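Undergrad: The following comprises the amino acid sequence and a computationally predicted model.
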Amino acid sequence: MTAPKQITRDDIMSVADYARIRKEKRAALVEKKKARRLEVGPYATFYFENFDTMWLQIHEMLYIEKGGEEQIADELAAYNPLIPQGNELVATMMIEINDEARRRRILGKLGGVEETITITVGDHVVKARAEEDVDRTTAAGKTSSVHFLHFPFTPEDIAAFRDMSQQAVLGIGHEGYQHMAAIPPATREALAADFD
């Protein structure tokens, strides 16, 4: 069974109906999201998105902002592009540094970091492609703390990713931030469900 690839207006509950199930929906998704989260180095965390994470995000935005029917189209337009389309993985990368001065200093040295991210499985290297909604690096070379990334996979890349005998690594190759992390089997199994 293939995962749904788009949230439509028919998938959106009323705020009142969502409020009744919000606690259990959020709790259930917290468990699922654990396998879809990976830290790379001391500051970068990747949250791999899918239909369920985006469905919840849209409902949370509607619940919090209470923008009504007018808000729904905007949320669908913002979050539908982050649902994997069967031949890709999609991640939100967050650079998380609590100290504001330190965060500013480090982000100021990481311009273009989104262009250096890969998933490697054996001989297969899948280069991330950043969402082009907004330029996330300023002219001064400061990057954003949030990046939306697509990893386009070929059928051969997908087969390699599903082959647990090969190590899969998520890496960042920026000169100011060179770190990598092995993608554990539980995460690979969860993410493999994003492929057709």
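TA: Cool, got the structure.

Undergrad: What residues of the longest helix anywhere in the chain count as buried?
TA: Ordering each helix of the chain by length in residues (DSSP state H) puts helix 15-34 first. Neighbour counts using 16 or more other Cβ atoms under 10 Å place 15, 18, 22, 25, 29, 33 of helix 15-34 among the buried residues. The C-beta positions use only the backbone N, C-alpha and C, and glycine is treated the same way.

Undergrad: The residue nearest to the second one when sequence neighbours are not counted and Asp52: what is the separation?
TA: The shortest distance from Tyr18 to any residue other than its chain neighbours is 4.9 Å, reached at His59 (Cβ to Cβ, 6 or more residues apart in numbering). Distance check for His59 against Asp52: by Cβ to Cβ, to the nearest Å, it reads 11 Å.

Undergrad: which outside residues touch stretch 111-130?
TA: 89, 91, 93, 95, 136-138, 140-143, 147-153, 156-157, 160-161, 163, 166-174, 176-177, 183 (Cβ atoms under 8 Å, 6 or more residues apart in numbering).

Undergrad: Please narrow these to those residing in helices.
TA: Those of those lying in helices (DSSP H): 156-157, 160-161.

Undergrad: Sort out which of these are buried, if you could.
TA: Buried members of the ones in helices among the contacts of stretch 111-130, scored by 16+ other Cβ under 10 Å, are 157, 160-161.

Undergrad: would you turn the ones in helices among the contacts of stretch 111-130 into CSV with distance to Gln6 and pLDDT?
TA: Output for the ones in helices among the contacts of stretch 111-130, formatted as CSV (distance: Cβ to Cβ, whole Å; pLDDT from 0 to 100):
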residue, distance to Gln6, pLDDT
Glu156, 26, 97
Asp157, 23, 98
Ala160, 27, 97
Phe161, 23, 98
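
Undergrad: Show the backbone phi and psi for Asp194.
TA: phi -80, psi -10 (degrees, to the nearest 10).

Undergrad: which residues does it contact?
TA: 3, 48, 50, 84, 86, 88-90.

Undergrad: how near is it to Phe51?
TA: 9 Å.

Undergrad: Now do the shared contacts for the two.
TA: Common neighbours of Asp194 and Phe51 (criterion: Cβ under 8 Å, 6+ apart): Ala3.

Undergrad: Roughly how far does Glu115 sit from Thr143?
TA: 10 Å.

Undergrad: Quick one: distance of the helix or strand encompassing the residue nearest to Tyr18 to the chain centre.
TA: His59 is located in helix 51-65, with elements delineated by DSSP states H and E. Put simply, helix 51-65 sits 15 Å off its chain's centre (Cα atoms, centre = their mean, to the nearest Å).

Undergrad: Can you give the contact residues for it?
TA: Contacts for helix 51-65 (Cβ under 8 Å, 6+ apart): 3-5, 7, 11-13, 15, 18-19, 22, 25-26, 29, 32-33, 36, 47, 71-72, 75-76, 79-80, 82-83.

Undergrad: Lovely, talk soon.
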